[in-house]
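Undergrad: Build the 3D model from these lines:
(one chain, ligands or ions: 2)
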Amino acid sequence: MPSMTKRDYYEILEVSRQSSSEEIKRSFRLKARNLHPDNKNSGDEAAFKELAEAYEVLSDDQKRALYDRYGHEGVKGSTHSFDNFDFSSFAGFGIDELIESFFGGGFRTSRRSGPEPGSHLQYELQIDFLEAVFGVEKKISIKRLQECEECKGSGAEPESKTITCSTCTGTGQVQQVINSWFGQSIRVSECPSCQGSGKHIEKPCRGCHGIGLLKKNSDFTVKVPAGIDSGTRIRVPSGGDKGRHGGGFGDLFIFVMVKEHEEFIRDGENIFIKQNISFALAALGGEINIATVDGDKLLKVPAGTQSGTVIVLKSLGVPRLNNPSRRGDQLVQLNVETPIKLSKEERNLFEQLAQIRGERLGLDKEEKSDQKEIPKKVSGKEKTKTDPQINKMDNSIIDKIVEAFKSKADSV
Ligand SMILES: [Zn+2]
Ligand SMILES: [Zn+2]
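TA: Ligands and ions are numbered 1, 2, ... in the order given. Now for the predicted structure:
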């Protein structure tokens, strides 16, 4: 064996010297799963062997004590010979099966009890914004494998005889003995000849071609809880396919997708809405009806409201999932609309108002800043072009939220 500096066992397992045996075991499982030969990306034979050796010592109280006192010298010769162990013989083993057979020594079998359940199924359920807020019951219909009624799941015509499978002598399973450094292990898998049923059917059922299962529609009523958000998964136990040879049903997973609303923008438990108000309303204050998920509500606009002001309507947001009595808020952003076209009368009133308030609309010649710095061609029209941009900056919070939601929806 080439003389190599051996790494510290604790370091390999990334645990401290004070770690409990549970912590060591947990770390080993995690690392073994990564390095396992079935793991195409991270499977690593050398590292796996190193890890196995470290675990063999640290999982044994006596060996661990010796290692703690004398280091690698203390446990020399008491570990398995890892150099001769055939890593690839583990391919196809589940890691838990593998760990089961680790260090236990001797002869072990792992046998699944009973036939396997059917596959899990997925379903995408689209619901409206308000349905997500308040919850809803939806009827869905999915196609899934169920027992064939003609043969009651046996796969055979009524008068058909069944013959015991010769490959597995009726057990439905075949065994394979695997020898490796930790001893013998038996791998049990489904019999390829009879697909695990243990028998062959003389006359297969015509309805299901001997499979015993058929795709049929099933109806489910799905209770979507209040406060659900897009991407949430609802599990319907036994809503999936029926398993073969009497195996149970898999599960059904419903992925809820919430449609966007024209006015309401959701951010977790809060709901945002933009509301335009007039000049006069902003200045004088008053009342408006504002749309909420609970219907229109009276909103008092305070006198002197600035454009962009956000008013919080407490507890009119989205109910908390699984605790619907607690609700988020609705946030109303008020935007003051500047009139674009003015009638002659309106223009006069604005001019009067400006006069009363002592607001001058122009400047005397001597008050004007250095004209050389301003290009003469700047007209009033071009100036007003910049004003809406300033307003847009006031709206940036809402716009950012809208943006955030859009990009979220795109990436899903
Ligand atoms: Zn059938
Ligand atoms: Zn068989």
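
Undergrad: Mind jotting down where the helices sit in the stretch 1-150 of the chain?
TA: Secondary structure of the stretch 1-150 of the chain (DSSP state H, counting those that start in this stretch): helices at 9-13, 21-35, 45-58, 61-70, 95-101, 129-134.

Undergrad: Check the offset of the longest one from the chain's centre.
TA: For helix 21-35, the gap between its own C-alpha mean and the chain's C-alpha mean amounts to 25 Å (CA atoms, centre = their mean, to the nearest Å).

Undergrad: ok, now stretch 139-146?
TA: 23 Å.

Undergrad: tell me which residues in that stretch are buried?
TA: By neighbour count on 16 or more other CB atoms under 10 Å, the buried set for stretch 139-146 is 142, 144-146. The way it works is simple: take the backbone N, C-alpha and C, and place the C-beta from them, glycine included.

Undergrad: ok, now stretch 8-20?
TA: 9-10, 12-13, 15, 19.

Undergrad: who in the chain is up against ligand 1?
TA: When proximity is defined by CB under 5 Å from the ion, the chain lies next to ligand 1 at 148, 150-151, 205, 207-208.

Undergrad: Show the buried residues in those.
TA: 148, 150-151, 205, 208.

Undergrad: ok, which of the residues you listed also contact ligand 2?
TA: The subset of those within reach of ligand 2, by CB under 5 Å from the ion, is empty.

Undergrad: possible to save those residues as a markdown table with pLDDT?
TA: Below are those laid out as a markdown table (pLDDT from 0 to 100):
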| residue | pLDDT |
| --- | --- |
| Cys148 | 94 |
| Glu150 | 91 |
| Cys151 | 90 |
| Cys205 | 91 |
| Cys208 | 92 |
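
Undergrad: which one of these is nearest Thr232?
TA: Cys148 (34.7 Å; CB to CB).

Undergrad: got TSV for the residues of the chain next to ligand 1, with distance to Gln176 too?
TA: Shown next, in TSV, are the residues of the chain next to ligand 1 (distance: CB to CB, whole Å):
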residue	distance to Gln176
Cys148	32
Glu150	36
Cys151	32
Cys205	32
Gly207	35
Cys208	31
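
Undergrad: Just to be sure, which of those are found in strands?
TA: Using DSSP state E, no member of the residues of the chain next to ligand 1 falls in strands.

Undergrad: Under the pLDDT cut-off, which ranges of this structure? List them.
TA: 1-4, 37-40, 42, 78-114, 179-184, 370-412 (pLDDT under 70).

Undergrad: how's it carved up into domains?
TA: Following automatic domain parsing, the chain resolves into domains at 9-104, 121-258, 265-411.

Undergrad: of all the buried residues of stretch 8-20, which comes closest to ligand 2?
TA: For the buried residues of stretch 8-20, the residue nearest ligand 2 by CB to the ion is Leu13; the value is 42.2 Å.

Undergrad: Verify the contact between that closest one and Ile24 for me.
TA: Yes: applying CB atoms under 8 Å, one finds Leu13 in contact with Ile24, separated by 6.1 Å.

Undergrad: quick one: common contacting residues for these two?
TA: Counting by CB atoms under 8 Å, 6 or more residues apart in numbering, the residues touching both Leu13 and Ile24 are 55, 58.

Undergrad: Can you show me the helices along the stretch 151-300 of the chain?
TA: With DSSP H, counting those that start in this stretch as the criterion, the stretch 151-300 of the chain has helices spanning 279-284.

Undergrad: could you pull out the strands for it?
TA: 162-164, 173-180, 183-190, 199-201, 213-224, 233-236, 252-258, 265-267, 270-278, 286-292, 295-301 (DSSP state E, counting those that start in this stretch).

Undergrad: For Ala303, which non-adjacent residue is closest in space?
TA: Gly285 (3.3 Å; CB to CB, 6 or more residues apart in numbering).

Undergrad: For that neighbour, give its distance to Ile277.
TA: Remark: distance between Gly285 and Ile277 (CB to CB, to the nearest Å) = 10 Å.

Undergrad: who's more crowded, the two?
TA: Neighbours per residue, other CB atoms under 10 Å: of Gly285 and Ile277, the larger number sits with Ile277, 19 against 13.

Undergrad: That one and Glu287 touch, don't they?
TA: No: using CB under 8 Å, Ile277 is not in contact with Glu287, being 10.9 Å away.

Undergrad: Reformat the helices of the stretch 1-150 of the chain into JSON lines and put distance to ligand 2 next to each item.
TA: As requested, the helices of the stretch 1-150 of the chain are exported to JSON lines (distance: least, CB to the ion, whole Å):
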{"stretch": "helix 9-13", "distance to ligand 2": "42"}
{"stretch": "helix 21-35", "distance to ligand 2": "32"}
{"stretch": "helix 45-58", "distance to ligand 2": "34"}
{"stretch": "helix 61-70", "distance to ligand 2": "44"}
{"stretch": "helix 95-101", "distance to ligand 2": "22"}
{"stretch": "helix 129-134", "distance to ligand 2": "50"}
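
Undergrad: ok, the residue in the stretch 251-400 of the chain that ligand 1 sits nearest to - contacts?
TA: Distance from ligand 1 to each residue of the stretch 251-400 of the chain (CB to the ion) is smallest for Leu252, at 23.1 Å. Counting by CB under 8 Å, 6+ apart, Leu252 makes contact with 120-123, 142, 144, 220, 235-236, 239-240.

Undergrad: Val236 too?
TA: Going by CB under 8 Å, 6+ apart, the list of residues near Val236 reads 220, 222, 251-254.

Undergrad: That one and Thr338, how far apart?
TA: 54 Å.

Undergrad: same deal with Ile201?
TA: Distance from Ile201 to Thr338, by CB to CB: 82 Å.

Undergrad: the more surrounded of the two?
TA: Ile201 (19 against 12).

Undergrad: which non-adjacent residue is nearest that one?
TA: Ala156 (4.4 Å).

Undergrad: Can you name the residues bridging to the one you found?
TA: Under DSSP bridges, the beta-bridge partners of Ala156 are Pro204.

Undergrad: Can you tell me how far it is from Gly172?
TA: Counting by CB to CB, the gap from Ala156 to Gly172 is 16 Å.

Undergrad: No more questions from me, cheers.
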